[in-house]
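Participant: only the shape, not the letters, is given here:
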């Protein structure tokens with residue numbers, strides 16, 4: 001495995017243009033980031049598509065390769081715009097498919113998308129963990145797993161979306177060291193996805209350490225991040241509530257690092273944080289007020305493509 005192949009950020013992402021879009025009633029109980037919409041689903045879907053198209057345009061203009069797939073009309077999938085929860089792709093040519101908590105979301109796994117990736121990239125194997133759903137065990141992709149690809153560490157905040165048994169299976173299969181902890185939102189509930197409170201870049205990490213109530217766990221996470229040589233940019237609970245943790249480092253085709261996040265998240269950052277982050281990446285914000293009603297933000301909208309190119 002050459003150093004070139006093993007990078008933290010990628011210049012290609014997969015995104016799914018929403019067909020139907022509305023806050024999923026099946027996930028409202030444990031996703032504290034979700035909000036009720038004040039307009040009907042048709043108007044909502046129209047607004048979500050406008051935001052989506054503008055985001056794709058922003059990414060492409062910055063030099064990121066975006067594979068756009070249309071959501072299929074049937075079956076209805078209100079969260080289809082968040083593909084990072086059902087699939088991940090890896091440098092060694094493997095794709096993982098993940099077990100989902102909400103029955104509505106299990107419909108999002110699409111064989112046609114996997115087949116399309118197989119045409120454009122070298123895919124050696126597809127590892128499907130979805131059978132864990134029968135045991136009531138979930139692991140929602142890179143929503144649950146925040147991966148440090150350079151150091152092969154998987155950071156996971158435990159919740160009913162991130163089951164220890166499936167975490168261990170993924171860690172064994174992909175050779176990642178799991179670092180698990182529990183983080184809690186201001187409502188006292190476990191934070192449902194790790195990527196709501198943590199973003200790992202090549203040389204930095206944005207993380208809400210204050211959301212980890214157990215001191216020993218908090219110290220363990222901090223120590224692991226420091227040992228991996230990353231500058232820690234700590235986020236407050238309030239910044240995380242504004243999706244500041246739901247960011248992702250990408251790079252463009254010329255290798256420039258980009259920190260992609262929503263405009264709301266960017267506005268929540270302090271001047272000092274912004275200054276630190278811009279040493280490592282150019283901030284690339286987009287407006288997502290409608291899509292964020294679904295409880296996810298910029299990071300959730302992108303499944304990163306780490307697969308090797310076709311020979």
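Facilitator: Looks like it came in fine. Note that the structure is a prediction, hence the values are computed from the model and not measured. Residues are numbered from 1 along each chain as shown.

Participant: what ranges does the stretch 51-200 of the chain have for its helices?
Facilitator: Assignment of helices within the stretch 51-200 of the chain using DSSP state H, counting those that start in this stretch yields the ranges 103-106, 111-120, 141-144, 164-174.

Participant: just put these in TSV and tack on distance to residue 309, mean neighbour count and mean pLDDT.
Facilitator: Any C-beta I mention is one placed from the backbone N, CA and C, and that applies to glycine too. What follows is the helices of the stretch 51-200 of the chain, written out as TSV (distance: least, Cβ to Cβ, whole Å; neighbours: other Cβ atoms under 10 Å; pLDDT from 0 to 100):
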stretch	distance to residue 309	mean neighbour count	mean pLDDT
helix 103-106	30	16	91
helix 111-120	8	14	96
helix 141-144	21	26	97
helix 164-174	20	16	98
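
Participant: tell me which of the ones you listed lies nearest to residue 205.
Facilitator: Among the helices of the stretch 51-200 of the chain, helix 141-144 comes nearest to residue 205, with 14.8 Å by Cβ to Cβ.

Participant: the helices of the stretch 51-200 of the chain: which one's closest to residue 129?
Facilitator: Taking Cβ to Cβ as the measure, the helices of the stretch 51-200 of the chain were each checked against residue 129, and helix 164-174 came out nearest at 6.0 Å.

Participant: packing partners of that closest one?
Facilitator: For helix 164-174, the helices and strands in contact under the criterion 3 or more Cβ pairs under 8 Å, 6 or more residues apart in numbering; DSSP states H and E are strand 94-97, strand 153-157, strand 177-181.

Participant: could the ones you listed go into CSV alongside mean pLDDT?
Facilitator: Output for the helices and strands packed on helix 164-174, formatted as CSV (pLDDT from 0 to 100):
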stretch, mean pLDDT
strand 94-97, 98
strand 153-157, 98
strand 177-181, 97
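
Participant: just the ones you listed: most buried one?
Facilitator: Stretch with highest mean neighbour count among these: strand 153-157 (a mean of 24; mean count of other Cβ atoms under 10 Å).

Participant: can you give me the offset of that strand from its chain's centre?
Facilitator: Distance of strand 153-157 from the chain centroid (Cα atoms, centre = their mean, to the nearest Å) equals 12 Å.

Participant: next: stretch 241-255.
Facilitator: Its chain's C-alpha centre lies 10 Å from the corresponding centre of stretch 241-255 when counted by Cα atoms, centre = their mean.

Participant: what sits against residue 93?
Facilitator: Residues in contact with residue 93, defined by Cβ atoms under 8 Å, 6 or more residues apart in numbering, are 121, 122, 123, 124, 125, 307, 308.

Participant: and the helix or strand containing residue 238, which residues are buried?
Facilitator: In this assignment (DSSP states H and E), residue 238 forms part of helix 237-241. Of the residues in helix 237-241, 237, 239, 240, 241 count as buried by neighbour count, 16 or more other Cβ atoms under 10 Å.

Participant: can you mark which positions in stretch 248-256 are buried?
Facilitator: Of the residues in stretch 248-256, those buried by neighbour count under the rule 16+ other Cβ under 10 Å are 248, 249, 250, 251, 252.

Participant: which helices and strands sit right next to the helix holding residue 238?
Facilitator: The helices and strands touching helix 237-241, judged by 3+ Cβ pairs under 8 Å, 6+ apart, are helix 263-268.

Participant: number of nearby residues for residue 223?
Facilitator: Residue 223 has 11 neighbours, counted by other Cβ atoms under 10 Å.

Participant: one more: residue 160?
Facilitator: Residue 160 - counted by other Cβ under 10 Å - has 14 other residues nearby.

Participant: then residue 99?
Facilitator: The criterion is other Cβ under 10 Å. On that basis, residue 99 has 24 neighbouring residues.

Participant: for the one 10 residues further on, same thing?
Facilitator: Counted by other Cβ under 10 Å, the residues lying close to residue 109 total 18.

Participant: distance check, it against residue 19.
Facilitator: Using Cβ to Cβ, to the nearest Å, one gets 16 Å for the distance from residue 109 to residue 19.

Participant: same question for residue 242.
Facilitator: From residue 242 across to residue 19, the span is 27 Å (Cβ to Cβ).

Participant: neighbour-wise, which of these two wins?
Facilitator: When neighbours are counted by other Cβ under 10 Å, residue 242 comes out ahead of the other of residue 242 and residue 19, with 21 against 18.
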